[in-house]
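Participant: Quick one, what's the 3D model for this:
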Amino acid sequence: MRNIDEHTITEAVIRSLDACDNPRLKQILTSLVTHLHDFARDVQLTEAEWMEGIRFLTCTGQMCSDTRQEFILLSDTLGLSMLTVALNNARSDGATEATVFGPFHVDDAPKAEQGADIAAGAPGRALQVDALVTWLDGTPIAGAEVDVWQADEDGLYDVQIASLGGQRRARAVLKTDAEGRLRFRTVIPTAYPIPTDGPVGRMLVASGRHPWRPAHIHFMIKAPEHETLITHLFREGDPYLDSDAVFGVRRSLVVKIEPDASPRAGRPSSIAVLRHTFVLDRVGEPGADRPGERSSGTPSP
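Facilitator: Below you'll find the predicted structure:
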């Protein structure tokens, strides 16, 4: 490995991986090194630019905490998160599409019963969600676990509000009932900017991009013998549907939020309603119809 230069260093690094006994790791590192070196050659990367990149990544790591994941934000805004979703979530025809996970999920969301107000005091106009979770053939899925989270009317998630002191609101974990239905009260989502007080925000400004996400509600749905679905429902008419900062919008996930047509005490209801059917794909290759054809299915992680 003596006399390494810009023409021979890539092959030298790849040869250093010969003793790696993990084939997949070796494949990933080999490709990573190859593309990184080709990138540096392509742009004729200077030492000052390389050091600035190191500072950027260091700052990105330093912004991460239990309630904020700046690296996920970076991946999202570079389109890498949505690319991996697209690569790894082929779905049968009719199954609900997946989209990005986002940086604001937490593992300690409160459990809630059917019909609960999960807003828990979050500001915003009341929204009734009336959803159904089914197999591909329309059979309802009872007992599916549905993790829901969203920003409030001010565009903030609970984990972004220090004054809440860890109190959870506008998020919950619920179970579908015997008919596969999911009902809860929350607030109408609004568009919001992703955090711009860190390195990712500075990158967006420097590259002439806006930080806005269209209004949406997050859903993660798990059921035995089905692929876990991680998705959003986006509010129809939002001005950022065609320029989502994290490239997560899918046409099939854009839904109407309409006034409740049910009169109350002789007057129209002031509560808006969102109705939607989530269709889960079974574990395994897309295209299968029913779980009964497969005896060894297990829940997705």
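
Participant: got the residue ranges for the strands in the stretch 101-250 of the chain?
Facilitator: Along the stretch 101-250 of the chain, counting by DSSP state E, counting those that start in this stretch, strands occupy 126-134, 145-149, 171-175, 181-187, 192-193, 212-213, 216-222, 229-235.

Participant: any idea of the mean pLDDT for the last one?
Facilitator: Averaging pLDDT along strand 229-235 gives 97.

Participant: Likewise for the longest one?
Facilitator: The average pLDDT within strand 126-134 is 97.

Participant: rewinding a little: adding distance to Gln62 and mean neighbour count, write the strands of the stretch 101-250 of the chain out as CSV.
Facilitator: Every C-beta, even on glycine, is put in place using the N, C-alpha and C of the backbone. Putting the strands of the stretch 101-250 of the chain into CSV (distance: least, C-beta to C-beta, whole Å; neighbours: other C-beta atoms under 10 Å) gives the following:
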stretch, distance to Gln62, mean neighbour count
strand 126-134, 37, 20
strand 145-149, 25, 21
strand 171-175, 26, 21
strand 181-187, 33, 19
strand 192-193, 21, 18
strand 212-213, 24, 22
strand 216-222, 26, 23
strand 229-235, 27, 24
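
Participant: wait, which of the ones you listed is closest to Leu17?
Facilitator: Comparing the strands of the stretch 101-250 of the chain by their distance to Leu17 (C-beta to C-beta), the top pick is strand 229-235, with 32.7 Å.

Participant: Report the inter-axis angle for that closest one versus strand 126-134.
Facilitator: Going by axes from the mean of the first three to the mean of the last three C-alpha atoms, to 10 degrees, strand 229-235 is angled at 140 degrees with respect to strand 126-134.

Participant: Name every strand pairing with strand 229-235 and say which way it goes.
Facilitator: Sheet pairing of strand 229-235 (DSSP bridges) gives strand 216-222 (antiparallel), strand 254-255 (parallel).
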